[in-house]
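**Student:** got a predicted model here, sequence first, then my questions.
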Amino acid sequence: MKDTMSETKKLNPTLKLVLDIGPLVLFFAANAKFGIYAATGGFMVAVLAALAVAYALTKRIEVMPLVTAVVVFIFGGLTLALHDELFIKLKPTIIYVLFGGTLVGGLMFGKPLLGMLFDSVFDLTEEGWRKLTWRWALFFFALAILNEIVWRNFSTDFWVSFKLFGVVPLTFIFGALQYPLLMKYRANKQ
């Protein structure tokens, strides 16, 4: 299986970051200039464009961006069709709960899914994958709760800003804080 993975094309990390965060930046900018409904439509187009670019370059679509795109289209479509911003505000909560629940579900069946997604990037022991998966699952659940708190208690503009300037840095910081675990549970310590 590793041979097949080494043959698959990988995106340049900078391009991957642009494709992951670019639609969110567009959402923020469009909201500031045109409002939440135009921003939602632009976000939907940007997510689709990011998927298309990633597919064109790698000839595959990763699971997490695909799930995110499906949820964006369902909740973005509801937002636009019903002219109700509630749906786009619920979208992050749904995605975070889906990701966290999927990770916990995998653990319940003895399969730390992060290990399946990132085994070509990190070489961890089973215990390391299990601990890392639990951490990310709990982090996703915490983001879901945080999203609910923010959209229910603050303005739409604040919520949009929080998605870009709050969630993105929190995710990078949380990921960086996993470095000691990655080092402690390396499978091939030298």
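**Tutor:** Happy to help now that I have it. Numbers count the residues shown, from 1 in each chain.
**Student:** from now on I want contacts and neighbour counts done on CA atoms only, so please keep to that.
**Tutor:** Will do.
**Student:** point out where this protein drops to low pLDDT.
**Tutor:** Along the chain, segments meeting pLDDT under 70 span 1-8, 119-120, 189-190.
**Student:** ok, which stretches of it are strands?
**Tutor:** Per DSSP state E, the chain carries no strands over any range.
**Student:** for it, longest helix please?
**Tutor:** In the chain, with assignment by DSSP state H, the single longest helix is helix 126-153.
**Student:** in that one, what counts as buried?
**Tutor:** Burial within helix 126-153, assessed by neighbour count using 16 or more other C-alpha atoms under 10 Å, is assigned to 128-144, 147-148, 150-151.
**Student:** helices or strands up against it?
**Tutor:** Other helices and strands packing on helix 126-153, by 3 or more C-alpha pairs under 8 Å, 6 or more residues apart in numbering; DSSP states H and E, are helix 86-108, helix 113-118, helix 156-162, helix 179-184.
**Student:** contacts for the longest one next, please.
**Tutor:** Where contact means C-alpha atoms under 8 Å, 6 or more residues apart in numbering, the residues beyond helix 86-108 that reach it are 40, 67-68, 71-72, 75-76, 78-79, 112-114, 130, 133-134, 136-141, 143-145, 147-148, 151.
**Student:** please tell me how far that helix is from the chain's geometric centre.
**Tutor:** Remark: helix 86-108 is offset 10 Å from the chain centroid, using C-alpha atoms, centre = their mean, to the nearest Å.
**Student:** and stretch 153-172, by the same measure?
**Tutor:** On the basis of C-alpha atoms, centre = their mean, stretch 153-172 sits 14 Å off its chain's mean C-alpha point.
**Student:** alpha carbons of that stretch, as PDB, please.
**Tutor:** The C-alpha trace of stretch 153-172 is given here as PDB (Å, rounded to 0.1, in the frame of the first residue of the first chain):
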ATOM      1  CA  ASN A 153     -23.900  35.500  20.900                       C
ATOM      2  CA  PHE A 154     -22.200  37.700  18.300                       C
ATOM      3  CA  SER A 155     -23.000  39.500  15.000                       C
ATOM      4  CA  THR A 156     -22.700  37.700  11.700                       C
ATOM      5  CA  ASP A 157     -19.700  39.900  10.800                       C
ATOM      6  CA  PHE A 158     -17.900  38.900  14.000                       C
ATOM      7  CA  TRP A 159     -18.700  35.200  13.400                       C
ATOM      8  CA  VAL A 160     -17.300  35.400   9.800                       C
ATOM      9  CA  SER A 161     -14.100  37.100  11.200                       C
ATOM     10  CA  PHE A 162     -13.800  34.500  13.900                       C
ATOM     11  CA  LYS A 163     -13.900  31.700  11.400                       C
ATOM     12  CA  LEU A 164     -10.800  33.100   9.700                       C
ATOM     13  CA  PHE A 165      -8.900  34.800  12.500                       C
ATOM     14  CA  GLY A 166     -10.000  32.600  15.300                       C
ATOM     15  CA  VAL A 167     -10.500  29.000  14.100                       C
ATOM     16  CA  VAL A 168      -7.600  28.900  11.600                       C
ATOM     17  CA  PRO A 169      -5.000  30.100  14.100                       C
ATOM     18  CA  LEU A 170      -6.400  27.800  16.800                       C
ATOM     19  CA  THR A 171      -6.100  24.900  14.500                       C
ATOM     20  CA  PHE A 172      -2.500  25.700  13.600                       C
END
